[in-house]
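Peer 1: here is my input; please provide its structure:
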Amino acid sequence: MCFALFVGEFFAMLLSFMDWNYLMSFYYASGAFGYTLYLIMHTFMIKESAELDDYATAAIIIYIDILRIFVSILGLFGRKKK
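Peer 2: Numbering: from 1, shown residues only. Next up, the predicted model:
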């Protein structure tokens, strides 16, 4: 699933140079959805195996997931209108 999301982001970057707005919107929306699933999965994994020494790693994982969701949403809504 991780590979598919990165391939999707790569194609979204390529499509940003073309005028395929609907396909780009699909890629960004699917990226945001996929990273939301990652956030849920990582949160569940951290909750199940939480130890006192792993709080920094857990915080970084959650931060990166939220950052990826933000970038996907920014790509979805942050394009300039023609």
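Peer 1: can you list the low-confidence ranges for the chain?
Peer 2: Applying pLDDT under 70 to the chain flags residues 1-6, 8, 11-20, 79-82.
Peer 1: could I get the full set of helices for it?
Peer 2: Per DSSP state H, the chain carries helices over the ranges 2-15, 21-48, 55-77.
Peer 1: contacting residues around the last one?
Peer 2: Counting by Cβ atoms under 8 Å, 6 or more residues apart in numbering, the neighbours of helix 55-77 from elsewhere in the structure are 12, 24-25, 28-29, 31-32, 35-36, 38-39, 42-43, 46, 50. Glycine gets a C-beta too; all of them are placed from N, C-alpha and C.
Peer 1: most distant residue from the centre of the chain?
Peer 2: Largest separation from the mean C-alpha position in the chain: Leu52, at 27.3 Å (Cα atoms, centre = their mean).
Peer 1: state the distance from it to Ile46.
Peer 2: 13 Å (Cβ to Cβ, to the nearest Å).
Peer 1: likewise Ala58?
Peer 2: Relative to Ile46, Ala58 is positioned 4 Å away (Cβ to Cβ).
Peer 1: and what of Gly75?
Peer 2: 27 Å.
Peer 1: neighbour-wise, which of these two wins?
Peer 2: Remark: of Gly75 and Ile46, Gly75 carries more neighbours, 20 against 17, as counted by other Cβ atoms under 10 Å.
Peer 1: quick check: ChimeraX command selecting the buried ones in the contacts of helix 55-77.
Peer 2: To isolate the buried subset of the contacts of helix 55-77 in ChimeraX, counting by 16 or more other Cβ atoms under 10 Å, use the following:
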select :12,24,25,28,31,32,35,36,38,39,46
